[in-house]
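Student: The sequence isn't on hand, but the structure is:
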């Protein structure tokens, strides 16, 4: 989870720092309510994380998409014959980038 942030150590100073980083103004009388709400959000996130650990749920899974390389033969000349323009065994395409 968030290192250094758990529900028992959200302070008014941290709320003011978050507000400054977010470039929002917070009225002094709103700070205690925002502290309480942030504590609730972090508490909820901790519970979700604990439930995921208990259930051994994998939230992110790395999938290895490796496959065997297989050489597939193809008739190069037949493919080049379909091209609008060919030169020395290569497709000729219009130049789209200037030097």
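Tutor: Cool, got the structure. Fair warning: this is a prediction, and the values are worked out from it, not measured in the lab.

Student: now the strands: where do they sit in this protein?
Tutor: 86-87, 90-91 (DSSP state E).

Student: Partner strands of the last one and their direction?
Tutor: Strands that pair with strand 90-91, judged by DSSP bridges, come out as strand 86-87 (antiparallel).

Student: any idea how far residue 12 is from residue 81?
Tutor: 76 Å (CB to CB, to the nearest Å). Placement of C-beta: from N, CA and C, glycine included.

Student: Looking at those two, which is more packed in?
Tutor: Comparing residue 81 with residue 12 by other CB atoms under 10 Å, the one with more neighbours is residue 12, at 13 against 9.

Student: mind checking how far the helix or strand of the chain with the lowest mean pLDDT is from the chain centre?
Tutor: Ranked by mean pLDDT, DSSP states H and E, the helix or strand of the chain with the weakest confidence is helix 31-54, at a mean of 87. Distance of helix 31-54 from the chain centroid (CA atoms, centre = their mean, to the nearest Å) equals 22 Å.

Student: which secondary structure elements does that helix contact?
Tutor: helix 12-22 (3 or more CB pairs under 8 Å, 6 or more residues apart in numbering; DSSP states H and E).

Student: tell me which residues of the helix it packs on are tucked away?
Tutor: residue 15 (16 or more other CB atoms under 10 Å).

Student: any idea how far residue 83 is from residue 99?
Tutor: Remark: distance between residue 83 and residue 99 (CB to CB) = 25 Å.

Student: my bad, should have said residue 26
Tutor: 54 Å.

Student: who's more crowded, the two?
Tutor: Per other CB under 10 Å, whichever of residue 26 and residue 99 has more neighbours is residue 26, with 16 against 3.

Student: list the contacts for that one?
Tutor: 15, 16, 19, 34 (CB atoms under 8 Å, 6 or more residues apart in numbering).
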